[in-house]
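1. structure of the sequence below:
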Amino acid sequence: MAHTILEMAKDFVLAQMQVQALSLDNVRHVLQHTHRSLLTLQAQEAGKGTATPPARVHWRTSITKHTVTCLECGVRFKQLSGRHFRLHALNAASYRAKYGIPRTQPLAAKATTALRKQRVQQSHPWENAPTYQKAHPVQAQTTPSSGRKGKSRTTRAVA
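-> This next block holds a predicted model:
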């Protein structure tokens, strides 16, 4: 009994779920990717060359609040690392160029980027830069003690 390509893709993904504990978030993507791959293989087997290329996803939709999706393989991460790019024989610059992503766009989930920004704002790393230290020399504490909080004022006894 011949199976349709969709049935074959479904069976393949179900088998992967049983073996690899595939997360529910990735099931839809893996099913779509498997279906496209099987269609491509079917077209090549029939001698038609390649099937219609899969629709390209715009890079803006690949970056969500909690995940960023690799446009090469479709796997979701909190951030795209150099290690993952090496799996595709790419680096961050070539990945950005290939998909038209601006140089200033972080390749991380929005929540991850916001958390990093908050930590940087709290730690003030720019204060350790030589140019900042040169422009803002450490001032001696010459402020009068009466203006500070926490210090008690001494009062004179009136006789």
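2. nearest residue to the middle of this protein?
-> With distances taken as C-alpha atoms, centre = their mean, A108 lies nearest the centre of the chain, 1.8 Å away.
3. and the gap between the nearest residue in space to that residue that is not next to it in sequence and H124?
-> Closest residue to A108 apart from its sequence neighbours, by C-beta to C-beta, 6 or more residues apart in numbering: Q79 at 3.6 Å. Glycine gets a C-beta too; all of them are placed from N, C-alpha and C. For Q79, the distance to H124 equals 23 Å [C-beta to C-beta, to the nearest Å].
4. okay, the two: which has more neighbours?
-> Taking other C-beta atoms under 10 Å, Q79 and H124 do not tie; Q79 has more neighbours (14 against 9).
5. pretty sure the residue nearest to A108 contacts K110?
-> No: contact criterion C-beta atoms under 8 Å: Q79 and K110 do not qualify, at 11.0 Å.
6. which stretches of the protein form strands?
-> With strands called from DSSP state E, the chain shows them at 68-69, 76-77.
7. can you list the neighbours in contact with the last one?
-> Applying C-beta atoms under 8 Å, 6 or more residues apart in numbering, the external contacts of strand 76-77 come out as 25-26, 29, 67-70, 84, 109.
8. quick one on the thing from earlier: separation between the residue nearest to A108 and R103?
-> For Q79, the distance to R103 - C-beta to C-beta - is 16 Å.
9. give me the neighbour count for F77.
-> F77: 15 neighbours (other C-beta under 10 Å).
10. and the pLDDT at it?
-> For F77, the model assigns a pLDDT of 91.
11. that one pairs with what?
-> V68 (DSSP bridges).
12. how near is it to T112?
-> 9 Å.
13. got it, and R119?
-> In terms of C-beta to C-beta, R119 sits 11 Å off from T112.
14. who's more crowded, these two?
-> Relative neighbour count places T112 above the other of R119 and T112, with 17 against 10, counting by other C-beta under 10 Å.
15. excluding chain neighbours, what is closest to the more buried one?
-> K78 (5.0 Å).
16. returning to what we had before: buried among the contacts of strand 76-77? Make that a PyMOL selection.
-> To isolate the buried members of the contacts of strand 76-77 in PyMOL, using 16 or more other C-beta atoms under 10 Å:
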select buried, resi 26+67+68+69+70+84+109
